[in-house]
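[1] Below is the sequence, then the predicted model.
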Amino acid sequence: MENIRIKDEYIKLGQAMKLAGIVSEGVEAKFMIQDGIVKVNGEVCTMRGKKLYENDIFDVNGITVKVTK
């Protein structure tokens, strides 16, 4: 499991995917999220602007990332 560190209260899912290096551009994240291949805390998430808080976990194509502060 990888970790990404945030300074603010939350980070949006698309931004978190970029920070984790899963995508290089926001449009890539948008399509992956719309296609239903991204899970947040074990459930499929189709909201690009989904807010992730400390200890939230998202999974994309077998890559699992935890949000930390």
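    It's in. Numbers count the residues shown, from 1 in each chain.

[2] longest helix anywhere in this protein?
    Across the chain, the longest stretch assigned as helix under DSSP state H is helix 26-34.

[3] Would you mind writing the CA trace of that one as PDB?
    In PDB, the C-alpha atoms belonging to helix 26-34 read as follows (Å, rounded to 0.1, in the frame of the first residue of the first chain):
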ATOM      1  CA  GLY A  26      -6.600  15.200 -14.700                       C
ATOM      2  CA  VAL A  27      -8.400  14.000 -17.900                       C
ATOM      3  CA  GLU A  28      -6.900  10.500 -17.400                       C
ATOM      4  CA  ALA A  29      -8.300  10.400 -13.900                       C
ATOM      5  CA  LYS A  30     -11.700  11.600 -15.100                       C
ATOM      6  CA  PHE A  31     -12.000   8.800 -17.600                       C
ATOM      7  CA  MET A  32     -10.800   6.100 -15.100                       C
ATOM      8  CA  ILE A  33     -13.300   7.400 -12.500                       C
ATOM      9  CA  GLN A  34     -16.200   7.600 -15.000                       C
END
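
[4] And the contacts of that helix?
    13-15, 17-18, 22-23, 38, 45-48, 60 (C-beta atoms under 8 Å, 6 or more residues apart in numbering). All C-beta spots, glycine's among them, are computed from the backbone N, C-alpha and C.

[5] what about 7 Å?
    13, 14, 17, 18, 23, 38, 45, 46, 48, 60 (C-beta atoms under 7 Å, 6 or more residues apart in numbering).

[6] Which is the succeeding secondary structure element to that helix?
    Moving toward the C-terminus from helix 26-34, the next helix or strand (DSSP states H and E) is strand 38-40.
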